[in-house]
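>>> got a predicted structure here, sequence first:
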Amino acid sequence: MSKNLATKFTPKFLYCDGDFIKKNRKYNEEKIPFLNECLIEVQKLFDKELTIIEKTEILQFGWKKVTEMLRKDSQFPNAKIQTLLELLGKDGSLAEKTLIEHSSKFLDNIFIIKKTGVELSDKYLKDLDDKGTYYTTSKAQNQKLDIITRITNDLNEAIDNEVIYKNQIKDIIKSTNKLLSYGITPLDNEGFRPNYEKIRRL
């Protein structure tokens, strides 16, 4: 076996912070109705169906992009936008207001526009899962995880076999207080588990 292969570090899974992932996903999901509202109001100003690229640019650049598109598609490219809208029989005040208030919520590294509307992008969801999932970062941390897991399993086996009784768990923690700092957590008189959040910081 080569030396490089023998010393290769392989990360081990610690835990997934579901609350972090859920909180951040919810935070951005709550922006989607406002972004869709922007697109609905802007679409009313055009007689053609806006493309996904056009919708994306409208959310990226706001009302300025809408005025640019309206002028480009009209016979009066230099007209004031209010005059142009009046000639088209359109009222752009609500679309403008909605874009001013909400288009800044759109970030193309978080959202994607499909035919059905704005959604969280697959890349963002994957990045969020990756960000909220923790692994060991060194061989030393792998060793600590293995040792703590082994100690925890031994303690729980001792409890299962009544070598240690459940009502003694608190006494064990009091007498060996460092177990907590080493990453072992008691489970309310039921046993012990590795504290993966603590191990991540060891």
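Okay, I see it.
>>> going by C-alpha atoms from here, please, whenever you check contacts or count neighbours.
Will do.
>>> quick check: phi and psi on Arg193?
Main-chain dihedrals, Arg193, degrees, to the nearest 10: phi -140, psi 150.
>>> dihedrals phi and psi, the residue nearest to it when sequence neighbours are not counted?
Using Cα to Cα, 6 or more residues apart in numbering and skipping the chain neighbours, the partner closest in space to Arg193 is Thr185 (5.4 Å). Thr185 adopts backbone torsions of phi -120, psi 130, taken as degrees, to the nearest 10.
>>> any idea how far Thr185 lies from Gln168?
14 Å (Cα to Cα, to the nearest Å).
>>> what about the helices in this protein?
3-6, 18-29, 32-43, 52-61, 63-73, 81-88, 93-102, 122-131, 139-160, 169-175, 178-181, 196-200 (DSSP state H).
>>> weakest of those by average pLDDT?
Lowest mean pLDDT within the helices of the chain: helix 3-6, a mean of 53.
>>> in this structure Ile148 contacts Gly183, no?
Yes. With contact defined as Cα atoms under 8 Å, Ile148 and Gly183 form a contacting pair (6.9 Å).
>>> hey, what's in contact with both of those two?
Residues touching both Ile148 and Gly183 (Cα atoms under 8 Å, 6 or more residues apart in numbering): Pro194.
>>> spatially central residue in this structure, please.
Compute the mean C-alpha point of the chain, and by Cα atoms, centre = their mean the closest residue is Leu128, 3.5 Å away.
>>> which ones are touching it?
Residues near Leu128 by Cα under 8 Å, 6+ apart: 21, 24-25.
>>> would a markdown table of those with neighbour count and distance to Leu39 be doable?
Output for the contacts of Leu128, formatted as a markdown table (neighbours: other Cα atoms under 10 Å; distance: Cα to Cα, whole Å):
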| residue | neighbour count | distance to Leu39 |
| --- | --- | --- |
| Ile21 | 18 | 27 |
| Asn24 | 13 | 24 |
| Arg25 | 17 | 22 |
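>>> from Asp127, how far out is the residue nearest to Thr137 when sequence neighbours are not counted?
Of all residues not flanking Thr137 in the chain, Pro11 sits nearest, at 6.1 Å (Cα to Cα, 6+ apart). Pro11 sits at a distance of 18 Å from Asp127 (criterion: Cα to Cα).
>>> do the same with Ser93
Counting by Cα to Cα, the gap from Ser93 to Asp127 is 37 Å.
>>> same check, this time on Lys80
Taking Cα to Cα, one finds Lys80 at 44 Å from Asp127.
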